[in-house]
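Engineer: no letters, just coordinates:
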């Protein structure tokens, strides 16, 4: 299983208006950045060279892991997607 | 547009649909609000649905009507290392006779069916509706607002059944604003398609018999475990991790999943399976000590939203507890309607009903299990110890044999340490 191919095996209806907004400036000062390894969909990536956090909500499985592991209160918005958007499980 | 109901249920999962069904059957005008485009679209779980005494009372023919996969006749636990595994399996004749002890199911199918039953009973299902906030009136919850919609849904009482993060309970001030990663777990699952006759042959099953297996020692030392459940023509395979442990490990769920699927004995079980879906969800594993305020003025909380999940290490119960709490929440709301009292006091009966039921009794009984499961040795050293001892026992190579207890104590001393072994045995005995 290659996580980069998540869109091949799980369905999403991506909302342009993100359901999670991250203040990536806060992440620069974070000591753990546990979101980068804990997120099961690899939505968070940290670039050590540029000291920059990138978050993409497109493949978010809406599991809630980041909401719990973030220790810096870096989210300016964390809610579930608007009705009808986001991940759509068919047979899980 | 603002609409009024006699009760609003947030979330059409097992807790919400059970609550809506109970209230609609009692004649209340109920809204069942679901953020997915159909109920079950957002829901996932490991895989075994156990007996549902509450729903069985409402539908005596529940198990004939619900959309199910296989009934579980065989349950196993595998203690494993990178290249060996030690299995214990129970297969019982009684597990193959109705009423069955458990079934595998697909949530998008099962949850949708249960919500439709609530609709048949008279509930109004509103899909594609994500609740934004609770509406307050005279310090009492009096409805909800929906993301991206004007107007509100109003009712004198709201049942928060919106799952593990329950923003409805948060907005109503019933749960704490942050969660402890030590009390949460994340499950990841791969749905692997495999022909039903291959599943039957591979796992020794006939008709619609099913197999459920748990794994310990498969998480590279991260606190957690694995599972493999047989559906009709697919396997549900996955891992569950305690969040605090996963976070500090620096490891990723998908890498650990791949390692698990490639472990030689697991690889043989899943061989030929085609990946059809990958999913993930949080599990409130803190048990009794994690339960938030269960009721407030104009609101009650049920299911995962109330952290009603029993993780003892052997079984992982959630849907049965969710459904039962939903029924009791529904009954408490019906009662409150009779007295027209939706104050905190008027809804307090919900907690009493829950305390008297198996839901709270079981959670209380196992209240120390979550802490016991925080012992890191369970996830690496003990599976290694078991496999090493069993391997030694069966090895016949001309070397003089040692007696069993000596062999065990020697291996235990090396892998775990005898003092730790005694302490762990004591804490497991106390917790279970």
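Structural biologist: All right, it came through fine. Just so it is clear, the model here is predicted, and its values are computed rather than measured.
Engineer: got the contact list for stretch B:406-414?
Structural biologist: Outside of stretch B:406-414, the residues that reach it under the criterion CB atoms under 8 Å, 6 or more residues apart in numbering or on different chains are B:385, B:388-389, B:392-393, B:402, B:418, B:421. All C-beta atoms are positioned from the backbone trio N, CA, C, and that covers glycine.
Engineer: if we use 10 Å, what do you get?
Structural biologist: Residues outside stretch B:406-414 that contact it (CB atoms under 10 Å, 6 or more residues apart in numbering or on different chains) are B:381-382, B:384-389, B:391-393, B:401-402, B:418-422.
Engineer: helices of chain A, start to end?
Structural biologist: With DSSP state H as the criterion, chain A has helices at A:6-9, A:24-28, A:34-38, A:65-69.
Engineer: skipping its backbone neighbours, what lies nearest residue B:335 in space?
Structural biologist: The spatial neighbour of residue B:335 that comes closest, neighbours along the chain excluded (CB to CB, 6 or more residues apart in numbering or on different chains), is residue B:349 at 5.8 Å.
Engineer: count the neighbours of that neighbour for me.
Structural biologist: Using other CB atoms under 10 Å in any protein chain shown, residue B:349 has 18 neighbouring residues.
Engineer: can you tell me the centre-most residue of chain B?
Structural biologist: The structure's chain B has its C-alpha centroid closest to residue B:318; by CA atoms, centre = their mean the separation is 3.7 Å.
Engineer: tell me the contacts of the closest residue to that residue other than its chain neighbours?
Structural biologist: In this structure, residue B:318 finds its nearest non-sequential neighbour in residue B:309, 4.5 Å apart by CB to CB, 6+ apart. Residue B:309 makes contact with B:164, B:185, B:283-287, B:290-291, B:303, B:316-319, B:321-322, B:363, B:370 under the criterion CB under 10 Å, 6+ apart.
Engineer: the lowest-mean-pLDDT helix or strand in chain A near chain B at all?
Structural biologist: Evaluated with mean pLDDT, DSSP states H and E, the helix-and-strand set of chain A has its lowest mean pLDDT in helix A:6-9, which scores a mean of 94. Yes. Counting by CB under 10 Å from any CB of the partner chain, chain B is contacted by helix A:6-9 at A:6, A:8-9.
Engineer: counting by contacts, list what that helix packs against.
Structural biologist: strand B:274-284 (3 or more CB pairs under 10 Å, 6 or more residues apart in numbering or on different chains; DSSP states H and E).
Engineer: so what does the strand it packs on touch, helix or strand wise?
Structural biologist: Contact analysis of strand B:274-284 by 3+ CB pairs under 10 Å, 6+ apart lists helix A:6-9, helix A:65-69, helix B:107-120, strand B:184-193, strand B:234-242, helix B:253-262 as its packing neighbours.
Engineer: name the residues of the third one that are buried.
Structural biologist: Which is helix B:107-120. B:107-119 (16 or more other CB atoms under 10 Å in any protein chain shown).
Engineer: ok, and of those residues, which contact chain A?
Structural biologist: B:107-109.
Engineer: out of the residues you listed, which one sits closest to residue B:37?
Structural biologist: Nearest to residue B:37 among these, counting by CB to CB, is residue B:108 at 10.5 Å.
Engineer: contact partners for that closest one?
Structural biologist: Here residue B:108 is in contact with A:88-92, B:36, B:38-44, B:67, B:277 (CB under 10 Å, 6+ apart).
Engineer: if we go to 8 Å?
Structural biologist: For residue B:108, the contacting residues are A:89-92, B:38, B:40-41, B:43, taking CB under 8 Å, 6+ apart as the criterion.
Engineer: residue B:346 too?
Structural biologist: Contact analysis of residue B:346 by CB under 8 Å, 6+ apart lists B:336, B:339.
Engineer: distance of it from chain A?
Structural biologist: To chain A, residue B:346 is 30 Å away according to CB to the nearest CB, to the nearest Å.
Engineer: next, format the helices and strands packed on strand B:274-284 as CSV and append distance to residue B:8.
Structural biologist: Converted to CSV, these look like this (distance: least, CB to CB, whole Å):
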stretch, distance to residue B:8
helix A:6-9, 34
helix A:65-69, 24
helix B:107-120, 13
strand B:184-193, 27
strand B:234-242, 32
helix B:253-262, 35
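Engineer: which of these sits closest to residue B:341?
Structural biologist: Comparing the helices and strands packed on strand B:274-284 by their distance to residue B:341 (CB to CB), the top pick is helix B:107-120, with 24.5 Å.
Engineer: quick check: can you name the pairing partners of the very next helix or strand once past that closest one and their directions?
Structural biologist: As assigned by DSSP states H and E, the chain's next helix or strand after helix B:107-120 is strand B:124-126. Using DSSP bridges, the strands paired with strand B:124-126 in its sheet are strand B:30-33 (parallel).
Engineer: the partner strand: what's the following helix or strand?
Structural biologist: Along the chain past strand B:30-33, the next helix or strand (assigned with DSSP H and E) turns out to be strand B:48-50.
Engineer: next SSE downstream of that next one?
Structural biologist: On the C-terminal side of strand B:48-50, the nearest following helix or strand under DSSP H and E is helix B:53-58.
Engineer: list the buried residues of that next one.
Structural biologist: For helix B:53-58, using 16+ other CB under 10 Å, the buried residues are B:54-55.
Engineer: show residues contacting it.
Structural biologist: Outside helix B:53-58, the residues within contact range by CB under 8 Å, 6+ apart are B:18, B:21-22, B:25, B:62-63, B:99, B:323-324, B:327-328, B:358.
Engineer: now it: mean pLDDT?
Structural biologist: In this model, helix B:53-58 carries a mean pLDDT of 93.
Engineer: likewise stretch A:25-40?
Structural biologist: 97.
Engineer: do the same with stretch B:413-426
Structural biologist: Taken as a whole, stretch B:413-426 has an average pLDDT of 88.
Engineer: quick one: the helices in the stretch 101-250 of chain B?
Structural biologist: Taking DSSP state H, counting those that start in this stretch to define them, one finds helices in the stretch 101-250 of chain B at B:107-120, B:167-171, B:196-203, B:243-249.
Engineer: mind putting those into TSV with mean pLDDT and distance to residue B:258?
Structural biologist: TSV is the format used below for the helices of the stretch 101-250 of chain B (pLDDT from 0 to 100; distance: least, CB to CB, whole Å):
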stretch	mean pLDDT	distance to residue B:258
helix B:107-120	98	24
helix B:167-171	98	33
helix B:196-203	98	21
helix B:243-249	98	15
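Engineer: no further queries at this time; thank you.
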